[in-house]
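Chemist: how would this look folded up:
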Amino acid sequence: MKSFKALGAALISVAMLAGLGACGTTDEPDKAAGSAKSPSASSHPAPYDVSGIRKDERIAAMVPQSVAADGKFTVGMETTYAPGEFVDEDGKTPIGFDVDLSNALAKVMGLKPEMASASFDAIIPAIGSKYDAGISSFTITKEREQAVDFVTSFKAGTAFAVQKGNPKHLKADDLCGSKVGVQTGTMEEQGADKLGKACKAQGRKPIEVQSYKLQTDAATAVMTGKIDVFYADSQVTGYAIKQTGGKLEQLGKDSDVVLQGIAIKKGDTRMVDATQNAMQKLIDDGTYGKIMDHWGVKSGAVDKAEVNPAVEG
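Modeler: Residues are numbered from 1 along each chain as shown. Have a look, this model is predicted:
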């Protein structure tokens with residue numbers, strides 16, 4: 001996955017959404033103020049409605065002239081990673097919780113949002129020239145903090161899901177003897193193999209790891225009882241639970257959690273301050289939490305927008 005540099009990140013795409021949509025969804029529009037638009041026939045939630053967000057004059061005044069001059073908040077993102085940032089059924093429109101967050105931040109800063117699709121490794125080098133920010137599931141690392149400044153925006157990890165009600169009474173810390181589904185080439189595939197070896201070393205029945213080309217295939221296999229557990233990125237697991245209409249539920253808590261952030265040009269203190277203040281405002285007024293909940297990823301929500309937090313690696 002992107003946040004952990006696993007091999008299969010690019011495979012989590014619109015194909016996943018189509019498969020999950022085929023399973024049916026019972027998503028209902030949030031009736032609170034600022035709620036999402038009514039769901040359509042698409043296989044994913046409609047974008048969160050940010051039209052009610054108003055410009056904050058104090059925060060807008062922090063935005064440097066280099067950004068404010070054209071009136072745009074240009075965000076670089078790699079649109080292959082549902083539910084963070086991916087492409088809608090029209091094949092060109094970026095959607096996802098990072099897109100909704102970008103739109104909300106732009107509104108607070110009094111700017112017009114503009115999403116720009118790019119290859120993942122090309123985004124950070126172009127921040128400050130081509131892009132005003134990079135919002136694309138970037139894990140905050142010491143190495144990246146040498147190149148850009150970060151404002152925290154999400155906590156990503158890994159998570160298990162089982163059938164609703166956990167009929168086999170499984171425990172996240174004891175999966176010996178169970179059948180675990182993962183996507184081929186991901187960190188979770190390697191992790192499940194290690195868990196299985198640990199079971200065998202203890203003289204217990206090993207985990208049976210079943211690898212699937214698409215995450216949706218693993219999620220469907222759990223719902224139909226072919227396997228017992230779905231293991232994926234925490235945001236992918238949360239999204240699968242939401243999209244399957246509650247036929248799945250999370251087993252245990254997120255693990256291997258790392259911070260993700262909004263990347264800003266290194267040393268651009270005014271833009272960093274504007275972004276941090278805008279992010280904190282969205283957290284404090286509840287908009288941020290509603291966006292995360294809308295996409296089924298509220299377990300990864302942060303409660304404070306920090307600048308360049310201390311991280312490992």
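Chemist: so where do the helices sit in the stretch 201-313 of the chain?
Modeler: Shown for the stretch 201-313 of the chain, the helices assigned by DSSP state H, counting those that start in this stretch span residues 215-223, 234-243, 269-284, 287-294.
Chemist: residue 83: which of the ones you listed is closest?
Modeler: Among those, helix 234-243 comes nearest to residue 83, with 4.1 Å by Cβ to Cβ. For every residue, glycine as well, the C-beta is placed using N, CA and C.
Chemist: and the longest strand for the chain?
Modeler: Under DSSP state E, the strand in the chain containing the largest number of residues is strand 248-265.
Chemist: can you list the strands that that strand pairs with?
Modeler: With DSSP bridges as the test, strand 248-265 is paired with strand 133-139 (antiparallel), strand 148-163 (antiparallel).
Chemist: if I look at the nearest residue to residue 146 once chain neighbours are set aside, how far off is residue 307?
Modeler: Spatial nearest neighbour of residue 146, chain neighbours left out: residue 266 (8.0 Å); criterion: Cβ to Cβ, 6 or more residues apart in numbering. According to Cβ to Cβ, to the nearest Å, residue 266 and residue 307 sit 12 Å apart.
Chemist: with residue 242 instead?
Modeler: Note on residue 242: its distance to residue 307, by Cβ to Cβ, is 31 Å.
Chemist: so those two - more neighbours on which side?
Modeler: Each of residue 242 and residue 307 has its neighbours counted (other Cβ atoms under 10 Å); residue 242 has more, 23 against 16.
Chemist: that one is in contact with residue 298, isn't it?
Modeler: No - counting by Cβ atoms under 8 Å, residue 242 sits too far from residue 298 to count as a contact (9.9 Å).
Chemist: the residue of the chain most remote from its centre and residue 191, how far apart?
Modeler: Ranked by distance from the centre of the chain (Cα atoms, centre = their mean), the top residue is residue 203, with 37.4 Å. According to Cβ to Cβ, residue 203 and residue 191 sit 21 Å apart.
Chemist: number of nearby residues for the closest residue to residue 223 other than its chain neighbours?
Modeler: Nearest residue to residue 223, sequence neighbours excluded (Cβ to Cβ, 6+ apart): residue 247, at 5.0 Å. Using other Cβ under 10 Å, residue 247 is surrounded by 20 other residues.
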